[in-house]
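J.: Need a 3D model of the sequence below.
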Amino acid sequence: MSDTKNTEMNLSGKLLIAMPGMGDPRFENSVVFMCAHSPEGAMGLIVNKPSAELSLGDVLTQLDIDASSITKAGKVFFGGPVEGGRGFVLHSGEYNNDDSTLKVDDEFSMTATRDILEAMAHGEGPEEALAALGYAGWSPGQIEDEIQQNAWLTCDAEKAIVFAADDDGKWSAALAQLGVDPLLLSAEGGHA
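T.: Residues are numbered from 1 along each chain as shown. Coordinates of the predicted model:
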């Protein structure tokens, strides 16, 4: 019965909210935007852990892309523990490069190629964007098991949360969307 449940669940375009007591410090208080979820596994980007050492300007400079026209404060986020040197841009849905953009839904897309960084540097990129290094990945059935074990809550992804300037407030904002008070969460799971 749980196999059927696992294949029917689709978390693409949703947020995962880390529960207290998860046990993996890399995901403590994390909010993960799910870019893809299928019976083959899942992939997401942590959207609330900016790098203290690296900015978008630094990345553009390393790639020999002129960053002088970047007007927005460019953060680079820890997207997750898998392939930490690989870059991803989670962005609003109006920007689309047919060859390299994964359209998650009408509101969100993800591009992992240099062209989006060049477009952003020239003021031609998406209206809203979040650059990340690395991603969070799960093997088939793994994320479903973690949810069942009370490691994650899920909610709809809202641009106001994903692209908010207050990175520290994203976890609480996602919980508030569910009507959950963070102070009342327990690390202990249970099933009725």
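J.: where are the low-confidence patches of the protein?
T.: Applying pLDDT under 70 to the chain flags residues 1-7, 68-73, 183-192.
J.: for Ile161, phi and psi?
T.: Dihedral pair for Ile161: phi -90, psi -50, per degrees, to the nearest 10.
J.: That one reaches Ile17, doesn't it?
T.: No - using Cβ atoms under 8 Å, Ile161 is not in contact with Ile17, being 10.0 Å away. Using the backbone N, CA and C atoms, a C-beta is placed for each residue, glycine as well.
J.: Quick check: neighbours shared by those two?
T.: Listed as contacting both Ile161 and Ile17 by Cβ atoms under 8 Å, 6 or more residues apart in numbering are Val31, Ala174.
J.: Do a quick rundown of the helices in this protein.
T.: 2-8, 56-62, 114-121, 142-148, 159-162, 170-177 (DSSP state H).
J.: between the ones you listed, which one is nearest to Gly21?
T.: The closest approach between Gly21 and any of the helices of the chain, judged by Cβ to Cβ, belongs to helix 142-148 at 12.5 Å.
J.: Only C-alpha atoms, please: export the closest one in PDB.
T.: Taking Å, rounded to 0.1, in the frame of the first residue of the first chain, the C-alpha atoms of helix 142-148 are listed here in PDB:
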ATOM      1  CA  GLN A 142      13.500   8.200   0.100                       C
ATOM      2  CA  ILE A 143      11.700  11.600   0.500                       C
ATOM      3  CA  GLU A 144       8.400   9.900   0.900                       C
ATOM      4  CA  ASP A 145       9.900   7.800   3.700                       C
ATOM      5  CA  GLU A 146      11.500  10.900   5.400                       C
ATOM      6  CA  ILE A 147       8.100  12.600   5.300                       C
ATOM      7  CA  GLN A 148       6.400   9.600   6.800                       C
END
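J.: Tell me which residues are up against stretch 14-32.
T.: By Cβ under 8 Å, 6+ apart, the residues outside stretch 14-32 that reach it are 33-34, 44-49, 78, 80-81, 136, 143, 150-157, 161-162, 170-171, 174-175, 178, 185-189.
J.: Show me the residues you listed that map onto strands.
T.: Within the contacts of stretch 14-32, residues falling in strands by DSSP state E are Phe33, Met34, Gly44, Leu45, Ile46, Phe78, Ala136, Trp152, Leu153, Thr154, Cys155, Asp156.
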